[in-house]
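1. predicted model follows, preceded by the sequence.
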Amino acid sequence: MAKKIKISINGVSVEIDQDTTILDAARQTGVIIPTLCYHKDLCVAGNCRVCIVEIMGQKRLTAACATPCEEGMDILTNSLKVRNSRKHIIELLLSEHNADCTRCYKNGNCELQKLASEYKIMTQDFIRLVPFKNYTIDQFSPSIIKDDSKCIRCQRCVRTCAELQGVNALTVAHKGDQMKITTFFEKAMNDVVCTNCGQCINHCPTGALVEKNYIEEVWDAIADKTKHVIVQTAPAVRVGLGEELGFGPGVRVTGKMVAALKRLGFDAVMDTDFTADLTIMEEGTELLTRLKRKMVDHDPDVKFPMATSCSPGWIKYIEHMYPDYLDHLSTCKSPQQMFGALAKTYYAKARNLDPETIVSVSIMPCTAKKFEANRPEMHDSGYRDVDYVLTTRELAIMIKQAGIDFMRLDDVHYDRLMGESTGAGVIFGATGGVMEAALRTAYELVTGRDVPFDNLNITPVRGMEGVKEATVKIENPLKEWAFLEGVELKCAVAHGLVNAHKVMESIRSGESNYQFIEFMACPGGCLGGGGQPIPTNPEIRRKRAEAIYAEDEGMPLRKSHQNPEIIKIYKDFLDHPLSEKSHHLLHTHYSPRDRF
Amino acid sequence: MNPVTDLIKNLADEYGRERQHLLPILQGVVEQEKYLSEFSMVEIARELDLPASEVYGTATFYSFLEYKKMGRYIIRICKTITCSMKGKNQVLLAIEDMLKISLGETTPDGNFSLLQTNCLGFCHKAPAMLINNEVYTELTPEKVRDILSSYMKKQ
């Protein structure tokens, strides 16, 4: 137990743990101190000064986020001195911020705007510095727009890129009034090591970093009568979307989301979970094939550990940082891209449609997916496999624009053919989910029995720990897999690229001997993705994860190979996992990129 | 191999390859090359296993680490108030007139670059300027012409 100390906040005595910051102590006692540069995911910076408080007996005001409480402290959070100073600080921040709010993508969801509104900043006492600022607007990336005129230099994005992701695409350059947030040699985000994960967007308090939105393009496609617009929704969207539309965090809105998409005018509403199940079939088979090639054929070219390839942020990361390990990646495309390739082949054929007329849209918790859809590798259907990628936030905007009362929608089920999924597909949205889903299927494929965990719940790979490990021992396998008898399958799960870095370093140094590793670029997996509702923080991620696992538990089928539509697609179209057709449509290879 | 790559390797051997050795290595490259090119920064990042963005951030923070191509002699004239009061403007005009360049520019022959600097600590002998590491004080337009002439003869 931490030592308790006594302090007073606004005249009320409270007892709190030693080493608590003034900010946390105030929050614990129900006093809200506004913040801007502070974020629960990140280290304390203390640079915006919005959280200043007065400590009796001290002349200068103190930043509450960066100051630990001391015995007997008498703290005022709303004295006249604090109020006036805080107001000035907000005015100063606004003076260098391009406050053209009505024309800003973040209008209504901007922390600076909210503060200005709370403190009723109606006048302009300081010189507007924006016209004198040497700012750039970087729109070259298919995922991210960076507008320096709106940047207040709080450095949340820089800390995110370094601490959560270990990518360091963003940095602080120059000094004093020239100081700015930029990349190496002030290049475009698209030309540096940026993985497009979008965590910087999710952590930016203003509109300085936003996703490149494709809302109008999708509206145009829907309005075009000659086009057949098909939409897929990623697993994590259903546990995040509600937050943008009036629900609390962790509420599952699957049925309402499908209903809303139908009302928006999409011709078919399908589920990425279906191709998540398909990924498991392909990836699970690939893993077993690799094991066989290694253990039976003693093929020296087969690479272990095998790494998952669902997360496009992780893919770009490994291309930049570990190009010599690209052979370790599973050749499977991500579920989004598998879906895209099938939409313009399998689906087109089944519905008797000209693939030329199909517009394939995906709703993703992710900004890197926009980049992925844009990759030259992703045209295997003969067309661009996925035409437009919208984030969870963009879908919420469309629903609001369409005047749909989301709360009152009745649940609707996905369309047939590529809309059926199992619990295994759903948990792709959480860290450890791909691993768990793969193990459920692979173990049964090899032994004919359920994976030896209570109720199929492989709990060691769940939760928010950065790197998780699990070992599954294979006993009494079926005859054709007899060579796996007694083999201990060592698995690891890493989420957040800073943890991916740890695992990759342990592989490079030879200290770890995993066979299968799941990598997700974003903390918490897709449910904490860069395209998810803002804010996303540890508490919200935990609630979304609970919702994902609840959705899994509630599914009648929880193993990918049981999905009837999966069985059907192999029967009617793909033959079997890793068939020639699936190699052509569902698998790909990536190329090295520069690290510097 | 590129001579800069060798230089960076030698500097890293001399100072070490930890994060805290970045600054002396940057200084070492500037000493030799007069500025940090994109190529040098990438090589330093590679040698020290640091993000390139961090090298750039550090290089742009310090006034005496240039990141644009500079001439052989970098003239830094003090821009602060004492030097201004003591006739810095006339000195600056004399330099600009003689070299036919403005502040921030480099002569076409690549010999001189003209920059401003913050206080050099020579207020008592203002106006002051630096040419590479040499300090020149109590400048007048006449004096500065003589100084520059001597540098021109050096080549």
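-> The structure has been received and is ready for your questions. Numbers count the residues shown, from 1 in each chain, chains lettered A, B, ... in the order given.
2. and stretch A:539-558, what's buried?
-> Burial within stretch A:539-558, assessed by neighbour count using 16 or more other CB atoms under 10 Å in any protein chain shown, is assigned to A:540-549, A:551-552, A:555, A:557-558. In short, each C-beta sits where N, CA and C put it, glycine included.
3. now it, how far from the chain's geometric center?
-> In terms of CA atoms, centre = their mean, to the nearest Å, the centre of stretch A:539-558 is found 16 Å from the chain centre.
4. can you check stretch A:280-300 too?
-> Centroid separation for stretch A:280-300 versus its chain: 29 Å, with CA atoms, centre = their mean.
5. now do the buried residues in it.
-> Buried residues in stretch A:280-300 (16+ other CB under 10 Å): A:280-288, A:290-292, A:294.
6. how about those in CSV, adding pLDDT?
-> Formatted as CSV, these follow (pLDDT from 0 to 100):
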residue, pLDDT
A:280, 97
A:281, 97
A:282, 97
A:283, 96
A:284, 95
A:285, 95
A:286, 96
A:287, 96
A:288, 95
A:290, 95
A:291, 95
A:292, 94
A:294, 93
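7. coming back round to it: show me which of the buried residues of stretch A:539-558 is closest to residue B:15.
-> Among the buried residues of stretch A:539-558, residue A:541 lies closest to residue B:15 (CB to CB), at 41.9 Å.
8. what packs against the one helix or strand that closest one maps to?
-> Following DSSP states H and E, one finds residue A:541 within helix A:538-553. Packing contacts for helix A:538-553, counted by 3 or more CB pairs under 8 Å, 6 or more residues apart in numbering or on different chains; DSSP states H and E, involve helix A:423-426.
9. related to what we said a few turns ago, now what about the helix holding residue A:541, what contacts it?
-> A:40-41, A:235-236, A:238-240, A:243, A:248-252, A:254, A:423-424, A:426-427, A:429-431, A:433, A:457, A:462-464, A:523-525, A:527-528, A:532, A:558 (CB atoms under 8 Å, 6 or more residues apart in numbering or on different chains).
10. from those, list the buried ones, please.
-> The neighbour count (16+ other CB under 10 Å) marks A:41, A:235-236, A:238-240, A:243, A:249-252, A:254, A:423-424, A:426-427, A:429-431, A:433, A:457, A:462, A:464, A:523-525, A:527-528, A:532, A:558 as buried among the contacts of helix A:538-553.
11. the residues you listed in helices, which ones?
-> Judged by DSSP state H, the subset of the buried ones among the contacts of helix A:538-553 located in helices is A:243, A:254, A:423-424, A:426, A:433.
12. same list, the residues you listed, but as a markdown table with pLDDT and distance to residue A:348 please.
-> What follows is those, written out as a markdown table (pLDDT from 0 to 100; distance: CB to CB, whole Å):
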| residue | pLDDT | distance to residue A:348 |
| --- | --- | --- |
| A:243 | 97 | 35 |
| A:254 | 97 | 26 |
| A:423 | 96 | 29 |
| A:424 | 96 | 27 |
| A:426 | 96 | 26 |
| A:433 | 97 | 30 |
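13. now, among those residues, which is nearest to chain B?
-> residue A:433 (30.1 Å; CB to the nearest CB).
14. pull up the distance across stretch A:583-594, start to finish.
-> Stretch A:583-594 has its terminal residues 28 Å apart, counting by CA to CA, to the nearest Å.
15. shouldn't residue A:229 be within a strand?
-> Yes - under DSSP: H, G, I helix; E, B strand; the rest coil, residue A:229 falls within a strand.
16. counting neighbours, what do you get for it?
-> For residue A:229, the neighbour count with other CB atoms under 10 Å in any protein chain shown is 22.
17. list the contacts for it?
-> Going by CB under 8 Å, 6+ apart, residue A:229 touches A:218, A:221-222, A:265-268, A:358-359, A:361.
18. just flag the most distant two among the residues you listed.
-> Greatest spatial distance in the contacts of residue A:229: A:265 and A:358, 15.0 Å, computed using CB to CB.
19. these two - which one has more neighbours?
-> Neighbour tally, residue A:265 and residue A:358, criterion other CB under 10 Å: the higher count belongs to residue A:358, 24 against 14.
20. thought that one was touching residue A:228?
-> Yes - using CB atoms under 8 Å, residue A:358 is in contact with residue A:228, at 5.0 Å.
21. neighbouring contacts of stretch A:213-222?
-> Stretch A:213-222 has contacts (CB under 8 Å, 6+ apart) with A:105, A:227, A:229, A:264-266, A:359, A:361, A:370, A:387-391, A:394, A:397-398, A:401.
22. and with 10 Å instead?
-> A:105, A:142, A:145, A:227-229, A:231, A:264-267, A:358-361, A:363, A:370, A:373, A:387-391, A:393-395, A:397-398, A:401-402 (CB atoms under 10 Å, 6 or more residues apart in numbering or on different chains).
23. just the buried ones from those residues?
-> A:105, A:142, A:145, A:227-229, A:231, A:264, A:266-267, A:358-361, A:363, A:370, A:373, A:387-391, A:393-395, A:398.
24. quick revisit: can you list the buried residues of stretch A:280-300 in CSV and add secondary structure?
-> Output for the buried residues of stretch A:280-300, formatted as CSV (three-state DSSP):
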residue, secondary structure
A:280, helix
A:281, helix
A:282, helix
A:283, helix
A:284, helix
A:285, helix
A:286, helix
A:287, helix
A:288, helix
A:290, helix
A:291, helix
A:292, helix
A:294, helix
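25. just the residues you listed that are near chain B?
-> Among those, proximity to chain B is found for none (CB under 10 Å from any CB of the partner chain).
26. may I see the residues you listed organised as CSV, with distance to residue A:381 added?
-> CSV is the format used below for the buried residues of stretch A:280-300 (distance: CB to CB, whole Å):
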residue, distance to residue A:381
A:280, 21
A:281, 19
A:282, 16
A:283, 20
A:284, 24
A:285, 22
A:286, 21
A:287, 26
A:288, 27
A:290, 27
A:291, 31
A:292, 30
A:294, 32
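27. where does the prediction get shaky in the stretch 151-300 of chain A?
-> Residues of the stretch 151-300 of chain A meeting the criterion pLDDT under 70: none.
28. what about the helices in it?
-> Here the stretch 151-300 of chain A has its helices, by DSSP state H, counting those that start in this stretch, at A:156-159, A:199-203, A:215-223, A:241-244, A:254-264, A:272-295.
29. again, but for chain B
-> Secondary structure of chain B by DSSP H: the helices cover B:3-15, B:22-33, B:38-48, B:52-61, B:81-85, B:88-99, B:141-154.
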